[in-house]
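Undergrad: Just need the structure, nothing else, for what follows:
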Amino acid sequence: MSSYRKKPSNPFVANGALPPDSPVYIDREADQELYQASHAGRLCYVFAPHDMGKSSLASRTAWKLKKEGAHTAIITLSGLDDSTSLEHLYLWLTKRLKAQLNFTTDPTTWWSQQNTPDLVERLKLFFKDVILTEIQGQIVIFIDEVNIRIKDLKFVKDLLMAIETLYRERDDQPALNRLTFVLLGVMTPDMLPEKIKRFIVTNGQSIAIDEFSRPAAQKLEQHLEAIHADKGAAIFDRVYYWTHGHPYLTQRLCQVITDIGDVHWDDERVDNTIQALFLSSASQINEPNIQAAEQLIDSSPHQRQLLKLYQRVLTNNRVSDDNDSQLQNRLKISGVVTSENGSLRVRNKIYEAVFDQAWLTAHQPTNWNRHLMITLILLMIVAIGATGFYTYQQHQKAIAAQELVDHFHTASSPEQEIASLAGLFNLSGHESKAKELFYQELSPEEQLNLFDLSSPENVGEELDTKKKNLYRDDHLINNDQNNTLLRAMTEPLNYLEYSHTLRSVELELEIKQWLRGREIYLTQGELSQAIQAYDTAIRIDENNPGLYFDRALTYAAQEKSELALADFITTLSLDDGWQESIQQAVLNDPNLYETLWANANAYRSLTGMVPTPTHTPTQTSTPTMTPSPTATFTPSPTTTPTPHPTETPTAIPIITEPTSTATSAPLYVPTATPALPTGQFTLLKPLSLTDPSYGVTTFEWTWTGDLPEDYGFEVRVWRDGNYQAGVHNAILDNQNGNIKEVGENHYQLTTDITDAAGVERQSGVYNWTVAVVQISPDYTDIGQQADAVQMRYAAPGPSGGGGGSKDEGGGGKSVGID
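TA: Prediction:
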């Protein structure tokens, strides 16, 4: 009679949450922290990479709370998308809550009986009037899978807004203290809308969830030992060597080893199993954990910067952990790297083998410029015989430039990046490419890193070359971020040996005096001291256009318009790249504008950039319902000098004094035309102060009138008390079809307002409107515009929550609706 040994059941789970009473569930610090915080009624959030055990943690904590008498529900948002109507999603949520909390009210009936059209308000009432009324005791609701992929869905934003409001109302409505929420997902707080982020970070408790420690994982080893007598410890040691306690990877390996059974296990066989599961080409395509991490990197709008950062981590360059860095947070939430002892490292050996140098190379964004460059080089080689040495020399430069660009993209240290940029600056005709790499491809923190050198003397000449070409650039307008960058540029100068070639002493003194003037101007200090600082810097370097531009702004603040305009002319003569900044400065300052046109012959190099006024203002008491004093100026898209303005008897500007009731506004009325467009505006979007713009903004409106060929629309954004300012080129956007008619009398413009004259990267509440303007033959404001409404803008930055990116990540099928 043959003996038969029944194969033990496999307790390991690699897909989905572990049962709360699973024999292989491993308690971590997060278990106790989440239990205590949720039991105390605190808002909690568990934001971590894919497959770190968040859902298992929620299930286990809910199970423990239930044993203590609490009522719990776990709502999973995976699979949500915008294909389901908003109201249907609200009903789905209420029905899921009923299924788990067992209250008696029918959600569908209750929902249909409510009169308020505000769905967020209706959801809050549901929590208060149904759940808290029918259920006694503590209620803890876990919202799982709050992931990057769905963070911008209106339903998700509404749900988070409702949760925030319910917590804010606790002081006035004590019953709300019985209702607790826990948020879990692949997310970081800075990826949430700014208002929600601030509330969660300020009032919520972050629960960090980490890998299994080796002692804590003893429970898993014991189960392997039960199957593989006397070999369980050795097998698990090798598993842990590869996974470093990563929950999913560890459970997956133990699950497969248990399923295979037999006794022939050693390190080599574990390694071969890992090769088959995670490291082969096929497994990397099919393994969901690998795919999820990869997608979070590839889908980022900052993919190139993420890969450069990961290159530094992979090559063992020390990267200090910075929780305020959005770039680092994105890389950490992918799961590929983690923080250890204040530095970033690759999370485990499996990821190190998968996300290696070959993977990095394969995932570099396609450089179409390089393909085009190679094609051009080949064409140039063919043409050498006809065009001679000059053409040959040019294509040699092109090859050298592309090599420097490639070296920059694959650099693993700041010193290598500095050398590449310096090489481009020294290669005649390719200076603009170096500036593009620095200002457009590097994030602000990466720009600063290029000057944070342990041994700057090793790249002294290259550093000096880069600095000289960057610090005078028109990108460096006066603001905190740019001044931090300028200040960083001076730091390595202290370590460079002085020479007439490097001019390190003069350069350091120049930048420090420049910064002193800027800081006085920004803080509205004694402006004469700012002028003195600029004068000192100009004596050191009379060829820095930024110094003259900043001194001009200070002269303008002192109402010394002639001196300001003279400095603007000097700025332009040194670098015409400052044209747009000068244009906006003149348009935003009535004194400068009036002085310019009163003495137009003396400022011909400036008049070509600024719209011509229609007439000299005349006082009138005609009231207007414009909400704030406004005067609109829009830049002309041409630099052709405009003739000196002439008066016409029909152009009568109206300037009125604002009052507290029917306020008057300074208004430039154009020359009368035979038939001006007439109609009515309705502004449609944006209308909410709770859903800010992060830069790229879609404006929508209706206009009931006709729009002759020579007329178009202009969108304007401004703060109370400031001048109205167009946020786009009204002439070109109308002529090029960028303002689209998306329905009958329904128009739309999408544009980036970040650097617009009325915004200039300053967060806050703004007014906006749309005006009908004449766009041909010249720009003219005809005084026809909508009543202004308000919008909110949130500036981008390392900790500002801006950036307008719609990052994607994760996956899932469409949500099931009950």
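Undergrad: got any ranges where the stretch 501-650 of the chain has weak pLDDT?
TA: Low-confidence segments of the stretch 501-650 of the chain, defined by pLDDT under 70, are located at 501-507, 612-650.
Undergrad: if we go to 80?
TA: 501-510, 524, 540-541, 600-602, 604-605, 607-650 (pLDDT under 80).
Undergrad: Which stretches in it count as strands?
TA: 618-619 (DSSP state E, counting those that start in this stretch).
Undergrad: In it, what residue spans correspond to helices?
TA: 504-522, 527-540, 545-557, 561-574, 579-587, 590-598, 604-607 (DSSP state H, counting those that start in this stretch).
Undergrad: Put together TSV for those, with mean neighbour count and distance to Val140 on each row.
TA: Placement of C-beta: from N, CA and C, glycine included. Output for the helices of the stretch 501-650 of the chain, formatted as TSV (neighbours: other C-beta atoms under 10 Å; distance: least, C-beta to C-beta, whole Å):
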stretch	mean neighbour count	distance to Val140
helix 504-522	19	48
helix 527-540	18	57
helix 545-557	24	56
helix 561-574	20	62
helix 579-587	21	53
helix 590-598	18	59
helix 604-607	18	65
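Undergrad: of those helices, which approaches Tyr241 most closely?
TA: With C-beta to C-beta as the criterion, Tyr241 lies closest to helix 504-522 of the helices of the stretch 501-650 of the chain, at 49.8 Å.
Undergrad: Return the closest one as CSV; C-alpha atoms alone will do.
TA: Extracted C-alpha coordinates of helix 504-522, given in CSV (Å, rounded to 0.1, in the frame of the first residue of the first chain):
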residue,chain,number,x,y,z
SER,A,504,35.9,85.0,-9.9
VAL,A,505,36.2,87.9,-7.4
GLU,A,506,34.6,90.5,-9.7
LEU,A,507,31.8,88.0,-10.7
GLU,A,508,31.0,87.2,-7.1
LEU,A,509,30.9,91.0,-6.1
GLU,A,510,28.7,91.8,-9.1
ILE,A,511,26.1,89.2,-8.4
LYS,A,512,26.0,90.0,-4.7
GLN,A,513,25.4,93.7,-5.4
TRP,A,514,22.8,92.8,-8.0
LEU,A,515,21.0,90.5,-5.4
ARG,A,516,21.2,93.3,-2.8
GLY,A,517,19.4,95.7,-5.2
ARG,A,518,16.8,93.1,-6.1
GLU,A,519,16.0,92.2,-2.5
ILE,A,520,15.6,95.9,-1.6
TYR,A,521,13.2,96.3,-4.5
LEU,A,522,11.2,93.2,-3.7
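Undergrad: what packs against it?
TA: Judged by 3 or more C-beta pairs under 8 Å, 6 or more residues apart in numbering; DSSP states H and E, the packing partners of helix 504-522 are helix 460-470, helix 480-490, helix 527-540, helix 545-557.
Undergrad: is it possible to export these to JSON lines including distance to Asn449?
TA: Shown next, in JSON lines, are the helices and strands packed on helix 504-522 (distance: least, C-beta to C-beta, whole Å):
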{"stretch": "helix 460-470", "distance to Asn449": "13"}
{"stretch": "helix 480-490", "distance to Asn449": "9"}
{"stretch": "helix 527-540", "distance to Asn449": "26"}
{"stretch": "helix 545-557", "distance to Asn449": "23"}
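Undergrad: Now distance to Asp266 too, for the helices of the stretch 501-650 of the chain, in TSV please.
TA: Formatted as TSV, the helices of the stretch 501-650 of the chain follow (distance: least, C-beta to C-beta, whole Å):
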stretch	distance to Asp266
helix 504-522	61
helix 527-540	71
helix 545-557	67
helix 561-574	72
helix 579-587	68
helix 590-598	81
helix 604-607	80
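Undergrad: So what are the structural domains in this structure, by residue number?
TA: Residue ranges for the domains of the chain, per automatic domain parsing: 29-206, 218-286, 288-344+353-362, 471-610, 632-793.
Undergrad: what pLDDT, on average, does the shortest one get?
TA: This points to domain 288-344+353-362. Mean pLDDT, domain 288-344+353-362: 90.
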